[in-house]
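got a predicted model here, sequence first, then my questions.
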Amino acid sequence: MWDHVPKRGKYRAPIAVLACVGVRPSEIYRGVSVECAPGGGLQFTILGTKTHGGKYGQAQRVITVTVDVGAFLVVL
């Protein structure tokens, strides 16, 4: 799949986030923070949607994925 994503396409970064963590398109629209995690890997901070004003779901979640950060950034 990744080979078919244009290298300069505007959807490359959002598709990379979708490939790493489960995230809704509406959450990508609100913004997903991606940082190097302590000890290696990537840390994704996702602002949740579908919380119904804080009644349900999670307002924010943090997911850490162990990856070779250098290789991941080269692919992007």
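It's in.

output the below-cut-off pLDDT ranges for this structure.
Scanning the chain for pLDDT under 70 picks out 68-76.

which parts of it are helices?
In the chain, the segments counted as helices under DSSP state H are 12-20, 25-30, 69-75.

packing partners of the longest one?
Helix 12-20 is packed against helix 25-30, strand 42-47, with contacts defined by 3 or more Cβ pairs under 8 Å, 6 or more residues apart in numbering; DSSP states H and E. Glycine gets a C-beta too; all of them are placed from N, C-alpha and C.

the second one now?
Helices and strands in packing contact with helix 25-30 are listed as helix 12-20, strand 42-47; criterion 3+ Cβ pairs under 8 Å, 6+ apart.

need the contact partners of the longest one.
Translated: helix 12-20. 1-2, 5-6, 23, 28, 32, 34, 42, 44, 65, 67, 72, 75-76 (Cβ atoms under 8 Å, 6 or more residues apart in numbering).

now do it: distance to the chain's middle.
Centroid separation for helix 12-20 versus its chain: 6 Å, with Cα atoms, centre = their mean, to the nearest Å.

one step back: single out the most deeply packed of the helices and strands packed on helix 25-30.
When those are scored by mean count of other Cβ atoms under 10 Å, the highest mean neighbour count falls to strand 42-47 (a mean of 18).

show me what it is packed against.
Packed next to strand 42-47, using 3+ Cβ pairs under 8 Å, 6+ apart, are helix 12-20, helix 25-30, strand 32-36, strand 60-65.

next, format these as TSV and append distance to Lys50.
Listed next are the helices and strands packed on strand 42-47 as TSV, based on distance: least, Cβ to Cβ, whole Å:
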stretch	distance to Lys50
helix 12-20	17
helix 25-30	8
strand 32-36	15
strand 60-65	12
